[in-house]
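# Okay, sequence plus prediction incoming.
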Amino acid sequence: MENPKTVRIGITGSYGGNNLGDEAILQSIISQIRKNINAEIVVFSRDPQDTLARHNVEKAVAVRKLSRKESQSEVEQLDILVVGGGGILYDSDARIYLREAQIANEKGIPVMIYAVGAGPLKDPASQSLVKDVVNTAIVVTVRDKPSLHILEEIGVHREIVVTADPAILLKPEAVHIDFLKLWGIKKGSKIFGMSVREPGAAAPDIREEHYHDLIANAADYIIDRYDARVLFIPMERKTAHDLHQSHAVIARMIYPQYASVLEAEYTPGQIMTVLKSLDFVVGMRLHFLIFAALQGIPFVPLPYSGKVMGLLDELQLDAPPLENITPGRLIAYIDKAWDKRQEILEKVRGLLPGLKQRSEQNTTLLIELLRIVYARSGKSPDALPWTKESRKG
């Protein structure tokens, strides 16, 4: 520790890709660290310039452009490496996301696996890698029970704490825009939000044609049945995947003139504010649903993966997997959820405080690990560079 007045914390995950869910996770992790510790934070990012512009961090490195030797020189300067959060432990990309953790383990840098999601993990090589890294980390937390079960199934036998997604602690941010005027919507109109995503390695079971038809039919039904406007809200911006998927769904609609896509750039906190202006949402993206829950907006989920099912389990809500939903069944779910929206909101409102407490546990365990790091270096844990706010607490 070169500077005794600070701690150097590295954070690596799916950052710098302009996925608003991942950026919400990073924003929450940074905010929680800043509340407790005067830290120098280094983010391993796909787009360092974007990360530095979005987040209150001292340094961001272009992790995808670094050789292993170059990455090692960055990792060796850390006091601790945080791996996560988010769904980064899946077959095709686990090797990419865990490289820095492997280096840290080799160099004796303490590693915390922080509120990660796991799956799908079917490839034996990916399973072996994840098992080795997770078993070697000092502290491991996962954001949901499905992730815990997947790690246990591949042979991880150690203490794993089930916490909650860091983004559950996110706060809304002001947006100085007249939403209704921007979207050409008359005041008093009902507005339903929708979220879609692309097929890919993290969502291998999505059949594009099936879900495009499914959501287009639901959007037309919403417009006709509720005299509403439909707003598609992309959560993945850099690759424009969500934008393309949204427009592809609208192209299949009977009433495309009553559907819009939120094209402008927003922060995760601003998306929360946008959601507050809606009456109801139907969505696939996990953090779209989390933001709706935080803002008290009733929703119907379209579970395409275990992480969405994990959220529904936590909120005690039912929904069949996406591949089992027919157009008629989805419409029935929307009608039922709309009729029972107050009951649903009361249930969610009652369960959110517990989830927030579990999300805060991630930071508690990180601080405890920093205490251990200080003790091992011969320093008193009380010498950690606490913030004024944490001293008051």
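Looks like it came in fine.

# Against which helices or strands is the strand or helix carrying Gln342 packed?
For Gln342, the element it lies in under DSSP states H and E is helix 341-376. Helix 341-376 sits against helix 20-36, strand 80-89, strand 111-118, strand 139-142, strand 161-162, helix 286-294, with contacts defined as 3 or more C-beta pairs under 8 Å, 6 or more residues apart in numbering; DSSP states H and E. Just so you know, the C-beta spots here come from the backbone N, C-alpha and C atoms, and that holds for glycine as well.

# change it to 6 Å
For helix 341-376, the elements it packs on are strand 111-118, strand 139-142, judged by 3 or more C-beta pairs under 6 Å, 6 or more residues apart in numbering; DSSP states H and E.

# possible to save those as TSV with distance to Arg237?
TSV is the format used below for the helices and strands packed on helix 341-376 (distance: least, C-beta to C-beta, whole Å):
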stretch	distance to Arg237
strand 111-118	20
strand 139-142	27
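
# Nearest to Asn19, out of these?
Closest of those to Asn19 is strand 111-118, at 13.2 Å (criterion: C-beta to C-beta).

# which neighbours does the closest one have in its sheet, and in what orientation?
strand 80-89 (parallel), strand 139-142 (parallel) (DSSP bridges).

# The strand or helix carrying Gln102 versus strand 111-118: what angle between them?
Gln102 belongs to helix 99-107 when assigned by DSSP H and E. Interaxial angle, helix 99-107 versus strand 111-118 (axes from the mean of the first three to the mean of the last three C-alpha atoms, to 10 degrees): 150 degrees.

# buried set for helix 99-107?
Buried residues in helix 99-107, counted by 16 or more other C-beta atoms under 10 Å: 99-105.

# Go ahead and name everything in contact with that helix.
12, 44, 71-72, 75-76, 81, 83, 111, 133, 136 (C-beta atoms under 6 Å, 6 or more residues apart in numbering).

# picking up where we left off before, mind putting the helices and strands packed on helix 341-376 in CSV, distance to Met309 and mean neighbour count included?
Compiled in CSV, those are given as follows (distance: least, C-beta to C-beta, whole Å; neighbours: other C-beta atoms under 10 Å):
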stretch, distance to Met309, mean neighbour count
strand 111-118, 11, 27
strand 139-142, 14, 25
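
# As JSON lines, the ones you listed with distance to Asp91 and mean pLDDT would be great.
Listed next are the helices and strands packed on helix 341-376 as JSON lines, based on distance: least, C-beta to C-beta, whole Å; pLDDT from 0 to 100:
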{"stretch": "strand 111-118", "distance to Asp91": "10", "mean pLDDT": "98"}
{"stretch": "strand 139-142", "distance to Asp91": "17", "mean pLDDT": "98"}
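
# Please consider this matter closed, and thank you.
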